[in-house]
Each structure stands twice: as C-alpha cells, then as structure tokens.
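# the sequence isn't on hand, but the structure is:
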C-alpha cells in the first residue's frame, strides 16, 4: 500500500526497481530519472496515475520497463526513450494513454512494445518503423484511425497486433515484404480492398503462422493459391464481403488447425469439403453463408485425416439439404452446430455414440422420423457421454419423448419444442437441468 517514496531516488547505484503488484497509488516520481544505473523498472499492476516522467527515457542503461495495468494517462513518450543501451522490452498496456507522438525517428532498440488496451487516438506513428530491432508490437484495443502506414511493413517484426481499432484504407503493397512475419492480426477495423494474395503465394513468407483479418470491409475473391502458406495455423477472414468458392488448394494448408470462413458471401456454392483434407484442422466454421447441397459422406470417414482431430464443426445458417452422414458418429467432435439448414431424413442414432461432444445443435431443419428415443438410449449406454446441450427443436420429429432422456446426468439444456411428438411426458420430478 501507499506511494513510491521519492527517498528511493537517493540510491543512485540501484540496478532494479520492482514494486509490481504492491497496491501503490499516486504518481511515478520524476526523480527516478536520476538513478543513472537503473536497468529494470517494474511498477505494473498497481493504481498509479498521472503521466510517465520523460526523464526516465534518458536513462542510459534502462533495458526493461513495465508500467502496465495502472491508471496512467496523457501522452506516452515513446520518442523520449533515447538511452544509449536501448530499452529491450516495454509494457504499458491496460492504462489510459491517449496520445502517441509521431516523431521524426525513434532512437532506440526496442524489441517488444505492448501498448494495447489504452485510449490512443489518431494515426499510427510511422516513426515506429525506424526501430529496426522491433520484434513484436501490440497496439490492439485502442482507437487508432487512418490508413496503415506503408513504413510499418518495412519492419522486421514477426508479430504485429492491430486488432480492434478504427484503421481504414487498403493493405499497402509492401505488406508482404517482411520476411520475418509470423502473426498479422488486424481484425475488427475498417480495412477495405481485396485480400492480399501475396500472403499465400509468396515463398518469402515461409514463417507465417496466423492471419486474422476478420470483421473488416474486405471485398474480392478468396485466394485460389496457398502454395506459400505451408506453416499457417490459423486463417480467419470471416465477417467480410469476400466471395468465391472453397478451392482444392486449401488442402495445402497442412498445418492449419483453425479455418474460419463464416459470414462470407459464397453465392450458391456447393460445399465439396476440400478442407477435410487439411490434415491438422481442428476448428472449422463455415456458418452464415449460402452453402447448399449435401454434407459429404466422407465427413467422419476414417480414411480422411480430419477424422480424429476435428473438434468443432459449425455449419449453421446455410442451405445444406442432405441427410446427416452416419459416419459422423465416429468422430472426436466436442461441438456440432448445423442448425438453421434444410437437413432431412432421420437423425443418425450414431450421434449418441459421440465420445466427447458437449453441444449438439440441430434445430430449425427438416429432420423426420422416430429415432430420437434410440439416440438418447445410445447416449445413456455410452460410457464416454458428455452431452450437455441438445437442441433439436423446430423439426418434424415424431414418436414419444423417451424416459431415458431424464437419466442423462450431464445434460443441462434440452429443447424438443416445435416437433410432432405425442403421448405422455415422462416424470419430470427431480430434474436438475433446464
């Protein structure tokens, strides 16, 4: 508790000041800038307010500074850090800073800068591109606006986080010139134009692992060639205005474990599920599109690589009109969402054999038949059953409501409404779920 005492500044040979998580309030004493030997300053996770004293930036040997998770505000004096050795790591996230000056250049050797979750406004400072040693820059969750500075893509940084801002304009041509790039996260902005195909075909971007451009205003076609994205783990370009089809070259993304193509506009596209050949795919979301036709019979087929590793499949709000493949019951799914389609036929009894699935949403389709009782009996006999949420409402299912439903102890939410069930309800006493 208390404040940082100015008496601390009398110790001119101090190398490290670490008062993180000490419930301190008040301000950072400017006299800390007089401790010429200081190498590490950590005042994070307190309740400090006011500004950062610019005198700290002139310390010759300061290599690490953490002022994160406080209530500091005003200008963040990045350009004032001019010490001889250069600050290696700077953490100022989760504060209330609102201004980042665009100086002519920044004379420092920053490697890691974290300024996310502040209140910054205005343009991104192009001068940050003068920091040739920068490896990672986090400026997400602010209110930066304007276009992406071309200079930023001269950086050698492997990680660039700019998501949740108000950036606009299109991607600069130099976007693909950073051969060290591994993580580009620019989601939830206002970026327009087309998706840069060079991100996927350039053989110089061999380290790229994550591309997240979701929730922008991108248009144009989904790329047709992914030959350069051999190490890509996550591709999220959902919630844009991109058109196109799922092409066979997606299968070259053999390291990808998360493919999010939801909220696209694929006009009348038949899903041939080429993506099922992506050997490492764990999460597949193609919801909120106009995909139609059959769900492929190979979905769940043990001959295909996704059989044992796909954990989540979300295909809600499309126009699928086939039956559910029986082989889907052999998969390792944790979540299956195919609601709001035109799926027909009986719901396969094999769904009751799923070992890990916790959520099953099949409502608002055209399923028929009386297999519901057998499905829940199969769940009851399944020693691995973990089903917690089941919604098969708004179909054309018939028969009686089986009493076995109410013996499923893991179930917490069940919806059978808007079907054609008949007969008496089983005893509903002592139920612990909704």
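Received the coordinates, thanks. Predicted model only: the values in this text are computed from it and were never measured.

# all the helices of the stretch 301-434 of the chain, in order from the start?
372-380 (DSSP state H, counting those that start in this stretch).

# so residue 118 makes contact with residue 95?
Yes. Applying C-beta atoms under 8 Å, one finds residue 118 in contact with residue 95, separated by 5.4 Å. Backbone N, C-alpha and C define where each C-beta goes, glycine included.

# check what pLDDT residue 373 gets.
Looking at residue 373, its pLDDT is 87.

# got a list of what it touches?
Residue 373 sits next to 399-400, 402, 404 when contact means C-beta atoms under 8 Å, 6 or more residues apart in numbering.

# closest one of the residues you listed to residue 64?
Of all the contacts of residue 373, the one sitting nearest residue 64 is residue 404; the distance, using C-beta to C-beta, is 60.7 Å.

# before we move on, the earlier item: from the contacts of residue 373, which one has the minimum pLDDT?
Out of the contacts of residue 373, that is residue 404, at 75.

# and residue 406, how far is that from residue 99?
Separation of residue 406 from residue 99 (C-beta to C-beta, to the nearest Å): 61 Å.

# so between these two, which is more surrounded?
The neighbour count for residue 406 versus residue 99, taken as other C-beta atoms under 10 Å, is higher for residue 406 (20 against 14).

# measure the more buried one to residue 332 for me?
27 Å.

# quick check: what element follows the helix or strand of the chain with the lowest mean pLDDT along the chain?
Of all helical and strand segments in the chain, the minimum by mean pLDDT, DSSP states H and E falls on strand 258-260, at a mean of 61. For strand 258-260, the following helix or strand on the C-terminal side (DSSP states H and E) is strand 283-285.

# list phi and psi for the nearest residue to residue 50 once chain neighbours are set aside.
In space, residue 50 comes closest to residue 27 once its chain neighbours are excluded; the distance is 3.7 Å by C-beta to C-beta, 6 or more residues apart in numbering. Main-chain torsions, residue 27, degrees, to the nearest 10: phi -120, psi 170.

# which residues touch residue 27?
Shown in contact with residue 27 (C-beta under 8 Å, 6+ apart): 3-4, 48-51.

# repeat for residue 376
Neighbouring residues of residue 376 by C-beta under 8 Å, 6+ apart: 352, 402, 404-405, 408.

# list only those of the contacts of residue 373 flagged as buried.
Using 16 or more other C-beta atoms under 10 Å as the burial test, these include 399, 402, 404 as buried.

# which of the residues you listed fall within strands?
residue 399 (DSSP state E).

# for the buried ones among the contacts of residue 373, give me CSV that also has distance to residue 380.
Output for these, formatted as CSV (distance: C-beta to C-beta, whole Å):
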residue, distance to residue 380
399, 17
402, 9
404, 5
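
# closest to residue 91 out of the buried ones among the contacts of residue 373?
residue 404 (54.8 Å).

# touching, that closest one and residue 381? I think so.
No. Residue 404 lies out of contact with residue 381 (C-beta under 8 Å); the separation is 9.1 Å.

# now the end-to-end length of stretch 8-20.
15 Å (C-alpha to C-alpha, to the nearest Å).

# again, but for stretch 200-212
Where stretch 200-212 begins and where it ends lie 13 Å apart, using C-alpha to C-alpha.

# buried ones in it?
Quick answer for stretch 200-212 (16+ other C-beta under 10 Å): 200-202, 205, 208-212.

# can you check stretch 116-124 too?
116-118, 120, 124.

# over to stretch 39-49?
39-46, 48-49.

# can you redo these as TSV with distance to residue 135?
Below are the buried residues of stretch 39-49 laid out as TSV (distance: C-beta to C-beta, whole Å):
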residue	distance to residue 135
39	20
40	19
41	20
42	20
43	23
44	20
45	24
46	27
48	27
49	30
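
# strands - which of those residues land there?
Using DSSP E, these in strands are 40-42, 49.

# show me where the stretch 151-300 of the chain has its helices.
198-201.

# report the contact partners of residue 49.
Contacts of residue 49 (C-beta under 8 Å, 6+ apart): 25-27, 70-73.

# which PyMOL command selects the buried ones in those?
To isolate the buried members of these in PyMOL, using 16+ other C-beta under 10 Å:
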select buried, resi 70+72+73
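
# returning to what we had before: the buried residues of stretch 200-212: which two are farthest apart?
201 and 212 (18.9 Å).

# strands of the stretch 251-400 of the chain, start to end?
In the stretch 251-400 of the chain, the strands defined using DSSP state E, counting those that start in this stretch lie at 258-260, 283-285, 292-293, 312-314, 319-320, 335-337, 359-361, 368-369, 389-391, 396-399.

# direction included, what does the fourth one pair up with?
The strands beside strand 312-314 in its sheet (DSSP bridges) come out as strand 283-285 (parallel), strand 335-337 (parallel).

# starting at the chain centroid, how far to it?
15 Å (C-alpha atoms, centre = their mean, to the nearest Å).

# buried set for it?
Buried residues in strand 312-314 (16+ other C-beta under 10 Å): 312-314.

# so which of these comes closest to residue 218?
Of the buried residues of strand 312-314, the one sitting nearest to residue 218 (C-beta to C-beta) turns out to be residue 314, at 20.8 Å.

# now do the contacts for that closest one.
Counted by C-beta under 8 Å, 6+ apart, residue 314 has contacts 262, 284-287, 335, 337.

# which of the strands paired with strand 312-314 has the lowest mean pLDDT?
strand 283-285 (a mean of 77).

# from the chain's centroid, how far away is that one?
Using C-alpha atoms, centre = their mean, the offset of strand 283-285 from its chain centre is 12 Å.

# returning to that earlier point: tabulate the strands of the stretch 251-400 of the chain in a markdown table, adding columns for distance to residue 169.
Listed next are the strands of the stretch 251-400 of the chain as a markdown table, based on distance: least, C-beta to C-beta, whole Å:
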| stretch | distance to residue 169 |
| --- | --- |
| strand 258-260 | 23 |
| strand 283-285 | 27 |
| strand 292-293 | 35 |
| strand 312-314 | 31 |
| strand 319-320 | 35 |
| strand 335-337 | 35 |
| strand 359-361 | 38 |
| strand 368-369 | 52 |
| strand 389-391 | 42 |
| strand 396-399 | 50 |
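
# check contacts around residue 95.
With contact set as C-beta under 8 Å, 6+ apart, residue 95 has these partners: 67-73, 117-118.

# so which of those sit within strands?
71-73.

# tell me which of these is nearest to residue 359?
Using C-beta to C-beta, the ones in strands among the contacts of residue 95 come closest to residue 359 at residue 71, 39.7 Å.

# and the closest residue to the closest one other than its chain neighbours, how far from residue 75?
Spatial nearest neighbour of residue 71, chain neighbours left out: residue 49 (4.5 Å); criterion: C-beta to C-beta, 6+ apart. Here residue 49 is placed at a distance of 14 Å from residue 75 (C-beta to C-beta).
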